[in-house]
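Enquirer: Sequence first, then the predicted structure:
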Amino acid sequence: MRKLIGFDEYTFDKLTQLGRDRMATLQELADEAFADLLKKHGIPIDLQDALKKSARAAKPSKRAAADRHRGKH
C-alpha cells in the first residue's frame, strides 16, 4: 500500500544522509522506524510476532505453576 508522507526539508535531508550512511533506502528506514514504534506499543508487526506474543500470554508463569502444584490459588 502506498501513502504519501510529508517531511520538512531539514528532516528529509537528514533521512537522506542516514540512508546513504547505512546504504538503505528511505523505505527501509521507514519500515524500521514503524516496526520500532509498533514494538514500543506492544503491537505485533507480523504473524510470527503475534503468535509468539500469544504463546507467552497463554503460558502460565513458573510461580503460578508452582502454586497450583502446592495446592495454592
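Expert: Thanks, I have it. Numbering: from 1, shown residues only.
Enquirer: Pull the residues that contact the helix or strand containing residue 28.
Expert: Residue 28 belongs to helix 26-40 when elements are defined using DSSP states H and E. By Cβ atoms under 8 Å, 6 or more residues apart in numbering, the surrounding residues in contact with helix 26-40 are 5, 15-16, 18-19, 22, 44-45. For glycine as for every other residue, the C-beta is placed from the backbone atoms N, C-alpha and C.
Enquirer: Dump the residues you listed into CSV; add neighbour count and secondary structure as well.
Expert: What follows is the contacts of helix 26-40, written out as CSV (neighbours: other Cβ atoms under 10 Å; DSSP: H, G, I helix; E, B strand; the rest coil):
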residue, neighbour count, secondary structure
5, 6, coil
15, 16, helix
16, 13, helix
18, 12, helix
19, 15, helix
22, 11, helix
44, 14, coil
45, 14, coil
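Enquirer: Of the residues you listed, which is the nearest to residue 57?
Expert: Comparing the contacts of helix 26-40 against residue 57 with Cβ to Cβ places residue 44 closest, at 11.3 Å.
Enquirer: That closest one and residue 52, how far apart?
Expert: Distance from residue 44 to residue 52, counting by Cβ to Cβ, to the nearest Å: 8 Å.
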